[in-house]
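[1] model this:
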Amino acid sequence: MGALDDEGLKREIGTWGLVSNSINIIIGAGIFILPVIMAERLGTGSIWAYVVCGSLMMLIMLCFAEVGTKIIRTGGAYSYIEEAFGKYTGFITANIFIFGAAVMANAAVANGLADTLSYFFPVFKMTMVRILLFALIFGGLAYSNVKGVRNAIFIVKFNTIAKLTPLLFIALFGLFFIAPSNLAATNVSSVPDLGEMSLILIFAFVGAETALNVSGEIKNPRKTIPGAILLSVMIVVILYILIQITVQGTLGQSITEFRDAPLAETARRMIGPAGATIVIIGASFSMFGNLSGMVLNMPRVLFAAARDKVIPSSALARVHPEFRTPHVSIICYALLGFVFASVGEFRQLALLSSASYLLIYLGVVLSVIKFRFKGKGEQGTYKIPGGYLVPSLSAIVIIWLLSNIPINELGAMVIFVTILTFLYFIIEFAGKKWPF
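    From the prediction side, this is the model:
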């Protein structure tokens, strides 16, 4: 049995559990359509774009690794930012994390899963059947997570293996089907194209930081977190590069004809119709895995915010007396996911997710700088070599990426933060707790 920490949670997640959790969240539905988007805009230069963006993501994850070994409480990025900058920023971060970056994305992924299943079973195009599917998904994931983090991590590990199997098959064996002429140098990309594609690619890598939301349940976090978080990102970078090379090298100029399923077409050319079926099944596992990872990790943000009284609800900070899990937060988050998935994708609100992640990243990077300036740290914590170089460079990169976000999306984010600010001060000045 894992040891209890001062939050009342069990530390049962080891290195490979954290690596699986991280990879499971990073690899969602995007990689199954991303190769055609990159090839269309950047040509063979898309391969180098993966290298560049993967390297930039490693810089950001180094910042997460450093601050993640200093603040080992449940909550991940929320806890880091709240500890560094106070209750107001914690409130903003928690709400952006939950509503801007998670729930809306979950709704889209759940609907994407239903759309994928409808390829085999047209009944999933019916509204009531889809709602029943969403109830089973979110209800089942909530149940398994409440029963214990060990059960949840088992599901995450299984989904990680299931989604990686077809991807590794394409990445490794697909190299034998490449036509070298399809990888010949093409046009030089413009700066605006590179900026826009970098923004898209960065979000193909987001998710590793979400895995740190369960920091309060990680064994020996100061040793486990740096190695696991960097290893997971490195694995994904290599996998993405191999997939881009294989798909682009196999399909060539015809890649744009398979905009909805370039990986499925690649697998079909490799081993016939069965290959396409395997990839589509893998995509379904990938989307379900993404949902299982989010239901494991995101309720910990609600729990941590309630624990710190940033969200004025004592119920969300409760820990189940038997299973030692934040059961109320898990159930509330799963319920939100079900409701938003059932109502629709909320595409306009889903646009906030990209800017949300960047703002959270920026907050974490700045927290590294502040903790260093204040000399906050303990013996045995991880420290990025090079002084302030990595966090400063990370901040510059994030600001550059934010500058590539469409003005409408940035405007929506400003409105969202403004509303949250008013809500925060109303709660503070009222001095009242929520009635639950």
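
[2] use CA for all of it now, contacts and neighbours both
    Noted.

[3] OK, contacts around residue 148?
    The contact partners of residue 148, by CA atoms under 8 Å, 6 or more residues apart in numbering, come to 323, 324, 325.

[4] could you find the closest non-adjacent residue to the residue sitting nearest the centre point of the chain?
    Among the residues of the chain, the one closest to the centroid is residue 207, at 2.4 Å (CA atoms, centre = their mean). In space, and not counting its chain neighbours, residue 207 is closest to residue 26: 4.5 Å by CA to CA, 6 or more residues apart in numbering.

[5] remind me which residues of the stretch 151-300 of the chain are low pLDDT?
    Along the stretch 151-300 of the chain, segments meeting pLDDT under 70 span 151, 185-196, 203, 211, 213-215, 260.

[6] which ones are touching the residue nearest to residue 207?
    204, 205, 206, 207, 208, 236, 290.

[7] so how far is residue 102 from the second one?
    Distance of residue 205 to residue 102, given as CA to CA, to the nearest Å: 15 Å.

[8] go on, the third one?
    Look at residue 206 and residue 102: by CA to CA, they are 11 Å apart.

[9] now do the first one
    For residue 204, the distance to residue 102 under the criterion CA to CA works out to 15 Å.

[10] likewise the fourth one?
    Applying CA to CA, the value for residue 207 to residue 102 is 10 Å.

[11] tell me where the stretch 251-400 of the chain has helices.
    262-271, 273-297, 299-307, 327-343, 347-350, 352-374, 389-402 (DSSP state H, counting those that start in this stretch).

[12] who are the packing partners of the third one?
    When contacts are defined as 3 or more CA pairs under 8 Å, 6 or more residues apart in numbering; DSSP states H and E, helix 299-307 packs onto helix 77-85, helix 87-95, helix 327-343.

[13] switch to 6 Å and redo it
    The criterion is 3 or more CA pairs under 6 Å, 6 or more residues apart in numbering; DSSP states H and E, and the helices and strands that helix 299-307 contacts are helix 327-343.

[14] was I right to think residue 219 contacts residue 15?
    No - applying CA atoms under 6 Å as the test, residue 219 and residue 15 come out as separate, 8.0 Å apart.

[15] of all the contacts of residue 26, which two lie farthest apart?
    Using CA to CA, the contacts of residue 26 span at most 14.5 Å, a distance reached by 236 and 290.

[16] look at those two and report which has more neighbours.
    Higher neighbour count among residue 236 and residue 290: residue 290, with 29 against 18, using other CA atoms under 10 Å.

[17] what about the nearest residue to that one once chain neighbours are set aside, how many neighbours?
    Here the nearest residue to residue 290 in space, its sequence neighbours aside, is residue 25; by CA to CA, 6+ apart that works out to 5.0 Å. Using other CA under 10 Å, residue 25 has 26 other residues around it.

[18] residues contacting residue 25?
    By CA atoms under 6 Å, 6 or more residues apart in numbering, residue 25 lies in contact with 207, 290, 293.

[19] quick one on the thing from earlier: how near is the residue nearest to residue 207 to residue 13?
    18 Å.

[20] same question for residue 39.
    Plainly put, residue 39 is 38 Å away from residue 13 if you go by CA to CA.

[21] compare those two (neighbour count), which wins?
    Comparing residue 39 with residue 13 by other CA under 10 Å, the one with more neighbours is residue 13, at 23 against 20.

[22] what's the more buried one sitting at in phi/psi?
    phi -100, psi 120 (degrees, to the nearest 10).

[23] show me what contacts the closest residue to it other than its chain neighbours?
    Counting by CA to CA, 6+ apart, residue 13 lies nearest to residue 218, which is 4.5 Å off, once chain neighbours are set aside. For residue 218, the contacting residues are 11, 12, 13, by CA under 6 Å, 6+ apart.

[24] one more time with 8 Å, if that's ok
    11, 12, 13, 14, 18, 224.

[25] which ones among the residues you listed are found in helices?
    Residues of the contacts of residue 218 located in helices (DSSP state H): 18, 224.

[26] of the contacts of residue 218, which is the nearest to residue 179?
    residue 18 (37.5 Å).

[27] what's around the closest one, how many residues?
    Applying other CA under 10 Å, we find 27 residues neighbouring residue 18.

[28] and the pLDDT at it?
    Looking at residue 18, its pLDDT is 81.

[29] list the contacts for it?
    Neighbours of residue 18 in contact, by CA under 8 Å, 6+ apart: 211, 218, 225, 228, 229.

[30] quick one: which two of these are the most distant?
    By the measure CA to CA, 218 and 229 form the most distant pair in the contacts of residue 18, at 12.3 Å.

[31] output the below-cut-off pLDDT ranges for the stretch 1-150 of the chain.
    In the stretch 1-150 of the chain, residues with pLDDT under 70: 1-10, 29-30, 74, 149.

[32] which parts of it are helices?
    Using DSSP H, counting those that start in this stretch, helices in the stretch 1-150 of the chain cover 15-26, 34-42, 46-70, 77-85, 87-95, 104-120, 127-146, 149-173.

[33] for residue 314, which of those is the nearest?
    Using CA to CA, the nearest of the helices of the stretch 1-150 of the chain to residue 314 is helix 87-95, at 15.0 Å.

[34] for stretch 82-100, measure first residue to last.
    Stretch 82-100 end-to-end distance (CA to CA) = 17 Å.

[35] contact partners of that stretch?
    Taking CA under 8 Å, 6+ apart as the rule, stretch 82-100 contacts 78-79, 81, 298, 301-302, 305, 310-311, 349-350, 352-353, 356-357, 360, 367, 370-371, 417, 420-421, 424.
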